[in-house]
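Participant: Quick one: sequence plus predicted model below, questions after.
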Amino acid sequence: MAKSINQVILMGRLTRDPETRSTSTGKTVVSFSLAVDRQTQDDQADFFDITAWEKLGELVAQYLSKGRRCLVQGRLRQDSWDDKETGKKRSKVEVVATDVTFLDGPNGDGGGSSTPSKPAESKKKSDDVVIEDIDDKPIDLSEIPF
């Protein structure tokens, strides 16, 4: 008999700030939504509701906010319930995150660093060494020290 697989990987941007709440047993649960662009030319996106539990959820709430990019790995979960107002059967599919990778830096720059990149660039330029004359002589392997 074949083994079942329930795994999903999504990369996109948060459509809203993560919402933190606690269960009656004290577990932390964080909910957020991810917009994943389609690879078509009409600029459409798919939207996914994501839930992260306990420590992972706390990290998401601490470091992610609306517009930030992340990669989510997890599984799909379907919930069903009876709507109290209409009495109709309702259902919802969401992603339960098992891992979240933060892709943007704290400033949304994609670099993973909170320091501006311009001072580092100017320092790098002053440390660069320019070699102006390169000869085409063959390398003598006996001169290599290792």
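Facilitator: Cool, the structure landed.

Participant: Now do the strands in the chain.
Facilitator: Listed in chain order, the strands of the chain (DSSP state E) span 8-14, 19-22, 28-37, 45-53, 69-82, 89-102.

Participant: which of the residues in the last one are buried?
Facilitator: So the one you mean is strand 89-102. Judged by neighbour count (16 or more other CB atoms under 10 Å), strand 89-102 contains these buried residues: 94-97, 100. The C-beta positions use only the backbone N, C-alpha and C, and glycine is treated the same way.

Participant: Specify which member of these is nearest to residue 8.
Facilitator: residue 95 (5.7 Å; CB to CB).

Participant: Let's have the strands of the chain in TSV, adding mean pLDDT and distance to residue 138.
Facilitator: Output for these, formatted as TSV (pLDDT from 0 to 100; distance: least, CB to CB, whole Å):
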stretch	mean pLDDT	distance to residue 138
strand 8-14	95	49
strand 19-22	95	66
strand 28-37	95	52
strand 45-53	95	57
strand 69-82	94	48
strand 89-102	94	48
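
Participant: And the ones you listed: which comes nearest residue 63?
Facilitator: Nearest to residue 63, of all the strands of the chain, is strand 89-102, at 5.6 Å by CB to CB.

Participant: what is the residue most central in space within the chain paired to in the beta sheet?
Facilitator: In the chain, the residue lying closest to the centroid (CA atoms, centre = their mean) is residue 70, at 1.3 Å. According to DSSP bridges, the residues that bridge with residue 70 are residue 12, residue 102.

Participant: Help me confirm that it comes into contact with residue 97.
Facilitator: No - here residue 70 does not reach residue 97: they are 9.4 Å apart, not a contact under CB atoms under 8 Å.

Participant: Return the backbone torsion pair for residue 23.
Facilitator: phi -80, psi 170 (degrees, to the nearest 10).
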